[in-house]
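Q: model this:
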Amino acid sequence: MHYRIYPTFRNIYFSISFFIFRKMLSLQSFYWASAKPLIINPRNLSFRPFLITTCSYSNNSISAAVSDSDEFPGRRSSFSGFKIEETVELDLKKLRLDSWISSRINGISRARVQSSIRSGLVSVNGHVISKVSHVVRDGDTVNCTIAELQPLRAEPEDIPLDIVYEDEHVLVVNKPAHMVVHPAPGNANGTLVNGILHHCSISTLCFNPEVLPEVDEDSDDEVSDFSVNHGYKGDGFGLSEASVRPGIVHRLDKGTSGLLVVAKDEHSHSHLAAQFKEHTIKRVYVSLTCGVPSPVSGRVDIPIGRDANNRIRMIAIPGSLARGRARHAVSRYKVIEVLAGGGCALVEWRLETGRTHQIRAHAKYLGFPLLGDDVYGGTKSMALSLLESRNPSSSHSQLQQLVTRLDRPCLHALSLGFNHPNKGENLCFSQKPPPDFAEILDQLRNIGTKKVTCLVW
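A: Predicted coordinates:
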């Protein structure tokens, strides 16, 4: 009898133990399923919990869920949004509010974050903040609701345009420095698109800002599929079809001057966009660099991705580090002249790809940032240090005056070639650098110049 009872108690013991073990597993699974997700903070590379709570809104200023790309144009509905609430932890002393929020949320454009701030949906330490450049510090508590981006309105403006070529299908314009290519949240006026609307006699134009790149107000992608209709219906994202559709096929940075092609209809836009995608567009840029690149010609094949510590800046990421963080980018460069004793150089660039800030990021990677490019290291102090160390003291006063006049990166889109989308003929245009670039170049040449012969790109 004893031997029959013992196995029974043993079975009961193991059954109870197994039951408790399963309960523990289920509780653990529930805990991890309901726990706060962990993300990496690029500021200090430490794991921290990030609280996201769902909420519903009927107000049109509040966003749809994180992914609202399935919403059709012309439709409005009540969207589900989300909020974040977190205490700032920074190794740095301070950081812009929009930059900090963008670094904490994946899949949300910076323009959308900025829209939320301007709409009064963000508070810091209990105080509503409406300035996107507000500075947050370690220990601040940020509470944010992500808002829906409303359709942007672009009004025609009588802005003088330097038209290099125009027919019924395409328009080639010489963009001045300091002009933004297209409207963006907080920057709706004075853009190239505003001027083109007036030039083409098009009325108010509306478009979904989510098609815009995730960039700061002074920055644009090199290549774009940005295309817009006119004829806003007045409600939702409804856009009527029209025979004239100005399409920005590619972009130039705000500070970059030079040639840019605009499609005037859908067919032309599609064909030009295909040429950019296939890298058959011929583009040549010219720049002034801090120092002289070595070797004097070469091919830079280094992927480019967004800098985790400064979202308005791109960074060249070599090797395996680029996987999942950067996009393929190739630039060819050639030194044309060595200027001012080697303090600067006139460099020509040809692009095989078109990425945001591609030339500027590759120039920095080579160790020779563009003159006047504060974002990528070509600051006035760096330029002056290089120039003064390579030239006699008698020229220092002239150099100081030259450097103080720098108010943009010295980069110009010199030439542009493409096949006409309708006629098929090859078109090629060139445009000399504007007066501000030319004057700085002339002054550097007066201090000293040496031509460089490069036989190979």
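Q: Okay, the closest residue in space to Leu386 that isn't next to it in sequence and Ser395: tell me how far apart.
A: Using C-beta to C-beta, 6 or more residues apart in numbering and skipping residues adjacent in sequence, the residue nearest Leu386 is Gly343, 4.5 Å away. From N, CA and C alone the C-beta is placed, and that goes for glycine too. Distance of Gly343 to Ser395, given as C-beta to C-beta, to the nearest Å: 10 Å.
Q: show me what contacts the residue nearest to Leu386?
A: Shown in contact with Gly343 (C-beta atoms under 8 Å, 6 or more residues apart in numbering): Cys290, Gly291, Ala383, Leu386, Leu387, Glu388, Ser389, Arg390, Asn391, Leu444.
Q: possible to save these as a markdown table with distance to Leu259?
A: As requested, the contacts of Gly343 are arranged in a markdown table below (distance: C-beta to C-beta, whole Å):
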| residue | distance to Leu259 |
| --- | --- |
| Cys290 | 25 |
| Gly291 | 27 |
| Ala383 | 26 |
| Leu386 | 30 |
| Leu387 | 29 |
| Glu388 | 35 |
| Ser389 | 35 |
| Arg390 | 33 |
| Asn391 | 33 |
| Leu444 | 24 |
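Q: among the residues you listed, which are in strands?
A: Taking DSSP state E, the ones among the contacts of Gly343 that sit in strands are Cys290.
Q: now the contacts of Gly343 as TSV including neighbour count, distance to Val88 and pLDDT?
A: Listed next are the contacts of Gly343 as TSV, based on neighbours: other C-beta atoms under 10 Å; distance: C-beta to C-beta, whole Å; pLDDT from 0 to 100:
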residue	neighbour count	distance to Val88	pLDDT
Cys290	27	35	97
Gly291	21	38	96
Ala383	27	35	93
Leu386	23	37	92
Leu387	27	40	93
Glu388	18	41	92
Ser389	10	41	92
Arg390	19	44	91
Asn391	18	46	92
Leu444	25	44	94
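Q: Now for the contacts of Gly343: which two are most distant?
A: Farthest pair in the contacts of Gly343 (C-beta to C-beta) is Ser389 and Leu444. Separation: 14.9 Å.
Q: mind listing the helices for the protein?
A: Along the chain, counting by DSSP state H, helices occupy 2-34, 97-104, 110-118, 192-199, 266-277, 358-366, 380-389, 396-404, 435-447.
Q: Out of those, which one sits most buried?
A: helix 358-366 (a mean of 25; mean count of other C-beta atoms under 10 Å).
Q: Show the pLDDT at Thr87.
A: Looking at Thr87, its pLDDT stands at 86.
Q: Then the one 4 residues further on?
A: Looking at Asp91, its pLDDT is 72.
Q: likewise Phe82?
A: pLDDT, read off for Phe82, is 60.
Q: what does Asn41 give?
A: Value for Asn41, per-residue pLDDT: 33.
Q: Please apply the same query to His169.
A: The model reports His169 with a pLDDT of 93.
Q: Repeat that for Ser227.
A: 43.
Q: again with Asp98
A: Looking at Asp98, its pLDDT reads 87.
Q: Identify the residue nearest it in space, chain neighbours excluded?
A: Nearest one to Asp98, counting by C-beta to C-beta, 6+ apart, is Val132 at 4.4 Å.
Q: buried residues in stretch 88-96?
A: Burial within stretch 88-96, assessed by neighbour count using 16 or more other C-beta atoms under 10 Å, is assigned to Val88, Leu90, Leu95, Arg96.
Q: same question, stretch 180-195
A: Neighbour counts using 16+ other C-beta under 10 Å place Val180, Val181, His182, Pro183, Ala184, Pro185, Ala188, Thr191, Leu192, Val193, Asn194, Gly195 of stretch 180-195 among the buried residues.
Q: which ones are touching the second one?
A: Counting by C-beta under 8 Å, 6+ apart, Val181 touches Lys175, Thr191, Leu192, Val193, Asp220, Ile248, Arg251, Leu252, Lys254, Leu260.
Q: follow-up on the earlier one: you'd agree the residue nearest to Asp98 is up against Arg118?
A: Yes - the pair Val132 / Arg118 is scored as a contact, 6.8 Å apart, by C-beta atoms under 8 Å.
Q: wait, Asp265 sits on His169?
A: Yes - using C-beta under 8 Å, Asp265 makes contact with His169 at a distance of 6.2 Å.
Q: Which residue ranges of the stretch 201-350 of the chain form strands?
A: 205-207, 247-248, 257-263, 282-290, 297-301, 304-307, 310-316, 330-339, 344-351 (DSSP state E, counting those that start in this stretch).
Q: And for the stretch 51-200 of the chain?
A: Using DSSP E, counting those that start in this stretch, strands in the stretch 51-200 of the chain cover 51-56, 80-87, 94-96, 122-124, 127-129, 135-137, 141-145, 152-154, 163-166, 170-175.
Q: thinking again about what came up before, got the buried residues of stretch 88-96 as JSON lines, with distance to His357 columns?
A: Listed next are those as JSON lines, based on distance: C-beta to C-beta, whole Å:
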{"residue": "Val88", "distance to His357": "27"}
{"residue": "Leu90", "distance to His357": "25"}
{"residue": "Leu95", "distance to His357": "20"}
{"residue": "Arg96", "distance to His357": "18"}
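Q: Which pLDDT value goes with Ile146?
A: Model confidence at Ile146, given as pLDDT, is 80.
Q: And it, how close does it get to Ile117?
A: 10 Å.
Q: what's the answer for Ser103, then?
A: From Ser103 over to Ile117 (counting by C-beta to C-beta), the distance is 14 Å.
Q: Which residues does stretch 446-454 contact?
A: Counting by C-beta under 8 Å, 6+ apart, 296-297, 334-341, 387, 391, 395, 398-399 sit against stretch 446-454.
Q: I should have written stretch 370-388 there, sorry.
A: 255, 287-291, 310, 312-313, 340-341, 343-344, 357, 359-361, 363-364, 369, 396, 399-400, 403-404, 406-411, 440, 447.
Q: That concludes my questions; thank you for your assistance.
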